[in-house]
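J.: sequence unknown, structure follows:
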């Protein structure tokens, strides 16, 4: 380095040390001009450009590498820059090269772990995060949450919980509490989930994501006292302007039926769940479909098994016109049961996508040249959102698994009907509605059922008026359970038959009923049973009571298929209108109320009047001949809607 260059080097370094960035930028520019082949000069210039956020920093670090191959700092900085723009493969390559020179640098290890996770190499990321914490235990509060998140993605729940147990006393960022609750939920440890969320709410009372998780946790456990106040505070926060924070997209649907607020939550939640590569991938063009008269339809789901989504969609798969469509099912879950086998037989191809590797999964779909790709999960679970964010198909559709907007232009359309999303409400949905009339919901008219069992098998008296509330407890709000108990008080011969939530929650539900003056013998609980037996027991119920504001859509479909009358309440959101849509499709829209008081009134009168119940039941005698269960007609209308959407909405 010449004397002039050395002077410029000192001038630039001193200016940077004093944070005189204009002087540092000017001196380092002159330095590189004076010493164009000197790696030290290029490195100083690159560091100053990085500190000032200059876009030329990346080019300068590449120059450093050209002058000094293997430079650890250059690899580190280029890896970080690649990770920031969502190029995780490049990020991993640079950071691994830096690690070869700095094997125990905790910040480098943390960033490498993040890049590996982003590239879908979750197990490798976990190993790197563990190494980072082992190298410097003081880094645990900062790196621990990343390790826990990766363990959650890998479904290694017990390991994640053990790390969080050690982490939380010293580290209480919101992300750690969120991850702890999600781990416990995934492990179905609901009592512990509630305890953790209560602690989190005490520590972070303004965190709306914690609040949304806590409200649904309380409902799931039948702990309704005080839950309405928590819910109302959550809704008020989401409705505030400006709104800060986040909330669970799926959980919010169970406590609020305002589609405008649901959209606000969905937009925020989707943005938080889609990683940075999504923004870089959305503009990627899908290759044109091969010259063929058939559209290739792909359906992504984690639920190709004995699950509500699998049970509803299998009949559609079996009936789609193979002269017009090729049907591919992409699974992100487990399908090892008889229904899963039936689904595999119903499609042209069944492909298991790699877990926790959205880039690879999206590329497989792209390689298959899928024209229309359907997300059968949405916010209800699985990994579809991250896959769809990579835009592997020209037309991407939100269908069946989540009845609400997903709040992102990743999706072009949502399958609905004009009752579930009236034309004047479509602005509340980011996706364009694709209407299938009279009801958006597909159905399987060939589902097998057992003979009707005996009431004695479930502890139900022969002379009881059985009110069957078979929806999941997390959809049961404080107001709704009290409405059910009010019906019991007004109809002395009635019993409430609930899905069995487990011993601790069952005791809590009974205690709640007792606090409302009800004899707990008026409550009965139905166990989990094989599908055919579960369907048969609808024959024991005089009346089926739906949940609200998130209706129990598949439960309603099952009840109507078995000819059981259903009472529901119609709200404003898709999730609170889908049950009514089904009732309208079987000609019994009169069993849908416009308010909770109306819901109670309909249920009370039917429960009290055996003649009227008999008339309703008789009207449902030929229910399987109604449009709701006309699977061939549904498949034809689905085909028409998708073909039209392909012509007008594809990108």
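T.: Everything's here; your move. None of the values given here were measured: they were computed from a predicted structure.

J.: which residues of the stretch 351-500 of the chain fall in helices?
T.: 358-367, 384-388, 478-490 (DSSP state H, counting those that start in this stretch).

J.: which parts of the last one are buried?
T.: Right, the one you point to is helix 478-490. Within helix 478-490, the residues scored as buried using 16 or more other CB atoms under 10 Å are 478, 480-485, 487-488. (Glycine included, C-beta is placed from N, CA and C.)

J.: Give me the residues contacting it.
T.: 219, 222, 224-225, 227-228, 467, 469, 494-496, 509, 512-513, 516-518, 522, 545, 547-548, 596, 599-600, 603-604, 607-608 (CB atoms under 8 Å, 6 or more residues apart in numbering).

J.: could you redo the last one with a cut-off of 7 Å?
T.: If you take CB atoms under 7 Å, 6 or more residues apart in numbering as the criterion, helix 478-490 is touched by 224, 227-228, 467, 469, 494, 496, 512-513, 516, 518, 522, 545, 547-548, 596, 599-600, 603-604, 607.

J.: chain center to it, what's the gap?
T.: 31 Å (CA atoms, centre = their mean, to the nearest Å).

J.: Give me the average confidence score over that helix.
T.: Taken as a whole, helix 478-490 has an average pLDDT of 97.

J.: any idea which residue sits dead centre in this protein?
T.: Centroid check for the chain by CA atoms, centre = their mean gives residue 379 as the closest residue, at 2.1 Å.

J.: is it true that that one touches residue 251?
T.: No: taking contacts as CB atoms under 7 Å, residue 379 lies outside contact range of residue 251: 8.7 Å.

J.: quick one on the thing from earlier: can you add distance to residue 332 and give the buried residues of helix 478-490 back as TSV?
T.: Listed next are the buried residues of helix 478-490 as TSV, based on distance: CB to CB, whole Å:
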residue	distance to residue 332
478	35
480	32
481	34
482	39
483	38
484	36
485	40
487	41
488	42
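
J.: Pick the one among those residues closest to residue 72.
T.: residue 478 (58.4 Å; CB to CB).

J.: Find the nearest non-adjacent residue to that closest one, please.
T.: residue 224 (4.0 Å; CB to CB, 6 or more residues apart in numbering).

J.: can you pull the contacts of the one you found?
T.: 218, 478, 481, 512.

J.: and the next element down the chain from the strand or helix carrying residue 64?
T.: Taking DSSP states H and E as the criterion, residue 64 maps to helix 57-67. Remark: after helix 57-67, the chain's next helix or strand is helix 72-84, criterion DSSP H and E.

J.: circling back to that earlier point, so which elements touch the helix holding residue 64?
T.: helix 39-51, helix 72-84 (3 or more CB pairs under 7 Å, 6 or more residues apart in numbering; DSSP states H and E).

J.: Reformat those as a markdown table; add distance to residue 625, mean neighbour count and mean pLDDT.
T.: Below are those laid out as a markdown table (distance: least, CB to CB, whole Å; neighbours: other CB atoms under 10 Å; pLDDT from 0 to 100):
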| stretch | distance to residue 625 | mean neighbour count | mean pLDDT |
| --- | --- | --- | --- |
| helix 39-51 | 70 | 22 | 94 |
| helix 72-84 | 58 | 21 | 93 |
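
J.: Can you tell me which of the contacts of helix 478-490 are buried?
T.: 224, 227-228, 467, 469, 494, 496, 512-513, 518, 522, 545, 547-548, 599-600, 603-604, 607.

J.: Out of these, list just those in helices.
T.: 227-228, 512-513, 599-600, 603-604, 607 (DSSP state H).

J.: which one of those residues sits closest to residue 110?
T.: residue 227 (38.3 Å).

J.: can you tell me which residues contact the residue lying closest to that closest one once chain neighbours are set aside?
T.: Leaving aside its chain neighbours, residue 227 sits nearest to residue 218 (4.4 Å; criterion: CB to CB, 6+ apart). Contacts for residue 218 (CB under 7 Å, 6+ apart) come out as 194, 224, 227.

J.: Does anything pack onto the helix or strand encompassing residue 180? Which helices or strands?
T.: Using DSSP H and E, residue 180 sits within helix 174-186. Judged by 3+ CB pairs under 7 Å, 6+ apart, the packing partners of helix 174-186 are helix 140-153, helix 157-167, helix 190-203, helix 208-220.
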